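1. build the 3D model from these lines:
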Amino acid sequence: MATLLIMSNATIAGGDYVLGKVATISGENGSYAFRFFQTDGHVDLLSGCREFDVKVEYERTPWFSWLPFIRTVHPTKEKTEEAALFLRTANQEDREIYFGYMGHGLVPTSTQCLFKSRGMALDQEKGEKFVLSYHDPI
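-> Next comes the predicted model:
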């Protein structure tokens, strides 16, 4: 049963990202809150929310990640800090960036267009940097 649970978490790997701006950002030390709004014509990233809030509460990788056959890509606290600095800089410069999620990286709350995250990472593809949100270990 435990193996099935672990393997199912490892297979949840898809994600998406969109172009937009960071309207506001606050917080420090792994705990952040920011508002992001899409500026591209891409389909809505999050079920009808072209503008949404994200509350990040960093949480380390699960206890079973030390097992030799487990490879989690959940970001470290340092990677979360680096991504938050990138978001803050984009907000200060009023610059468009790409933001998205990996796996179940943004979990809805009871408040419409408010999502939870447990970590973030700065990534790069084709020379373009973007921030990905993570929630469950994958």
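2. for stretch 96-103, buried residues please.
-> For stretch 96-103, the neighbour count (16 or more other CB atoms under 10 Å) marks 97-103 as buried. The C-beta positions use only the backbone N, C-alpha and C, and glycine is treated the same way.
3. run through who's touching it.
-> Outside of stretch 96-103, the residues within contact range by CB atoms under 8 Å, 6 or more residues apart in numbering are 12-22, 36, 39, 45, 73, 86-87, 90, 117, 128-136, 138.
4. repeat the analysis, applying 7 Å as the threshold.
-> With CB atoms under 7 Å, 6 or more residues apart in numbering as the test, stretch 96-103 has contacts from 12-22, 36, 39, 45, 90, 128, 130-134, 136, 138.
5. average pLDDT for it?
-> For stretch 96-103, mean pLDDT is 93.
6. helices and strands around the helix or strand containing Leu85, which ones?
-> Here Leu85 sits within helix 77-92, counting by DSSP states H and E. When contacts are defined as 3 or more CB pairs under 7 Å, 6 or more residues apart in numbering; DSSP states H and E, helix 77-92 packs onto strand 15-28, strand 119-125, strand 128-134.
7. give me that answer again for 8 Å
-> If you count contacts as 3 or more CB pairs under 8 Å, 6 or more residues apart in numbering; DSSP states H and E, helix 77-92 packs onto strand 15-28, strand 31-38, strand 97-102, strand 119-125, strand 128-134.
8. so it versus strand 119-125, what angle?
-> 70 degrees (axes from the mean of the first three to the mean of the last three CA atoms, to 10 degrees).
9. what residues does helix 77-92 touch?
-> Contact with helix 77-92 is made by 21-25, 27, 29-30, 32, 34, 56, 58, 60, 75, 95-97, 99, 119-122, 129, 131-132, as judged by CB under 8 Å, 6+ apart.
10. adding distance to Thr109, write the helices and strands packed on helix 77-92 out as CSV.
-> CSV is the format used below for the helices and strands packed on helix 77-92 (distance: least, CB to CB, whole Å):
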stretch, distance to Thr109
strand 15-28, 17
strand 31-38, 12
strand 97-102, 15
strand 119-125, 17
strand 128-134, 14
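11. okay, the ones you listed, which one's buried deepest?
-> Of all the helices and strands packed on helix 77-92, strand 97-102 has the most neighbours on average by mean count of other CB atoms under 10 Å, namely a mean of 23.
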